[in-house]
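**Q** Dropping the sequence and predicted coords here.
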Amino acid sequence: MEGWDGLVAGGRVRAGMELSRLTTYKLGGPARWFCEPGSVEELRSVSLAARARGIEMVVMGRGSNLVVSDEGFPGLVIRLGAGFRQVAVDREARIVRAGAAVSLPVLARRMADEYLAGLEFYVGSPGSVGGAVRMNAGFFGVETVDVIRSASILDSGSGSVIEREAGRLGFSYRTSNLGPDEVVLDASFSVRDGDREQIAALMRQAIRWRRDHQPGGTLNAGSVFRNPPGDSAGRIIDALGLKGMRRGGAHVSPKHANFFVVDPGGTAQDVFGLVRDVRQLVLDRTGILLEPEVRFIGFPQDGARPRGNRD
């Protein structure tokens, strides 16, 4: 295994990457270290070298659900490279295997071009396959658990790779049982023969719904909170009259209350503070503790948690 110093000297690990370039919020400071491995072997080598040095590691996808601290992240940020953007279709078995870095809308459109149905809902999700598996991403009434067959996973602590069947991924609403040291490498999905026009019509419908109900053309990271059981986070926030609520350069979208938008000049700290304030107000007024769907990187652990809760 190549050591950390060799990885840095060889340029495979870089210093000072500005993470604002890689997230949909366009916020945040630099990563102390950054790597974009192009293969499983390179990912394994970098992960084990970082662990040997005691360097904290975060794996990111397309940056569509991340809030990075204005000060950046003091450890290693990994974004999977081109080797993880491959798609292979087995038409006879009706199975598609997609790398963890494949864009979900790209995957949906590729399947439409192949006259294969089942993944149309991904056209409305801005993330990647890896994030979809970890978060059980869903849109338009369908979730990843409904279509996935299995996922290849790297244990970044040991370097071992396993294939985990869908039933062993522990899916529930917007979560799985994947641990912090586990990295999705690729996943296989069930598809079926379909009519291209019908597939395209469903995709247009999904895109239209998103355009009509979500704040497009703004700096946001999608849904901020997971929906609590039997309710909608957006409905709760809206019912409390919090649409338009502002913290510095960040505000609750007037179009969808579970989307927080950043204005020009806004900061990650503004978003962090707004999330904390909204959670506190919802808890105080309803007794409901909203759990974030966005990930905070470089902030105090769960510093956006309201005061006074006991769970």
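**A** That came through fine.
**Q** For the one helix or strand in the chain whose mean pLDDT sits lowest, which outside residues touch it?
**A** Here the helix or strand of the chain ranked lowest by mean pLDDT, DSSP states H and E is helix 4-9, holding a mean of 88. Contacting residues not belonging to helix 4-9 are listed as 13, 15, 33, 35, 45, 46, 49, 50, 52, 53, 55 [Cβ atoms under 8 Å, 6 or more residues apart in numbering]. Bear in mind the C-beta positions are built from the backbone N, C-alpha and C, glycine included.
**Q** Then stretch 216-236?
**A** 23-27, 64-67, 126, 173-175, 210, 237, 253, 256-263, 266, 275, 278-279, 282, 286, 288, 290-294.
**Q** Mind giving me the ChimeraX select for these, buried ones only?
**A** Here is the ChimeraX selection string for the buried members of the contacts of stretch 216-236, based on 16 or more other Cβ atoms under 10 Å:
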select :23,24,25,27,64,65,66,67,126,174,210,237,253,256,257,258,259,260,261,262,266,275,278,279,282,290,292,293,294
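**Q** Show only the entries of the contacts of stretch 216-236 found in strands.
**A** 66, 67, 260, 261, 262 (DSSP state E).
**Q** so who does the first one touch?
**A** The one in question is residue 66. Taking Cβ under 8 Å, 6+ apart, one finds 19, 23, 24, 25, 28, 60, 221, 294, 295, 297 in contact with residue 66.
**Q** cool, and the third one?
**A** Counting by Cβ under 8 Å, 6+ apart, residue 260 touches 220, 221, 224, 250, 251, 252, 253, 271, 274, 275.
**Q** got the residue ranges for the helices in the stretch 101-250 of the chain?
**A** Using DSSP state H, counting those that start in this stretch, the helices found in the stretch 101-250 of the chain span residues 104-113, 129-135, 196-213, 233-239.
**Q** Just name the most buried of the ones you listed.
**A** Highest mean neighbour count of the helices of the stretch 101-250 of the chain: helix 129-135, a mean of 27 (counted as mean count of other Cβ atoms under 10 Å).
**Q** Output the contacting helices and strands for it.
**A** Under the contact criterion of 3 or more Cβ pairs under 8 Å, 6 or more residues apart in numbering; DSSP states H and E, helix 129-135 touches helix 104-113, strand 182-190.
**Q** how near is residue 124 to residue 275?
**A** Remark: distance between residue 124 and residue 275 (Cβ to Cβ, to the nearest Å) = 23 Å.
**Q** Give me the pLDDT value at the residue of the chain positioned farthest from its centre.
**A** Distance from the C-alpha centroid of the chain, by Cα atoms, centre = their mean, peaks at residue 92 (31.2 Å). Note on residue 92: pLDDT of 96.
**Q** Also residue 79?
**A** At residue 79, the model reports a pLDDT of 98.
**Q** Which residues are in contact with it?
**A** 22, 34, 35, 36, 59, 60, 61, 101.
**Q** okay but the third one is in contact with residue 12, surely?
**A** Yes. Assessed by Cβ atoms under 8 Å, residue 35 is found in contact with residue 12 at 6.2 Å.
**Q** Are there residues contacting both of those two? Which ones?
**A** Counting by Cβ under 8 Å, 6+ apart, the shared contacts of residue 35 and residue 12 are residue 46.
**Q** So those two - more neighbours on which side?
**A** Neighbours were counted for residue 35 and for residue 12 using other Cβ atoms under 10 Å; residue 35 has more, 26 against 17.
**Q** which residues does residue 99 bridge with?
**A** residue 186 (DSSP bridges).
**Q** Contact partners for it?
**A** Residue 99 neighbours (Cβ under 8 Å, 6+ apart): 80, 83, 84, 85, 86, 87, 129, 185, 186.
**Q** which stretch among the helices and strands packed on helix 129-135 comes nearest residue 202?
**A** helix 104-113 (9.1 Å; Cβ to Cβ).
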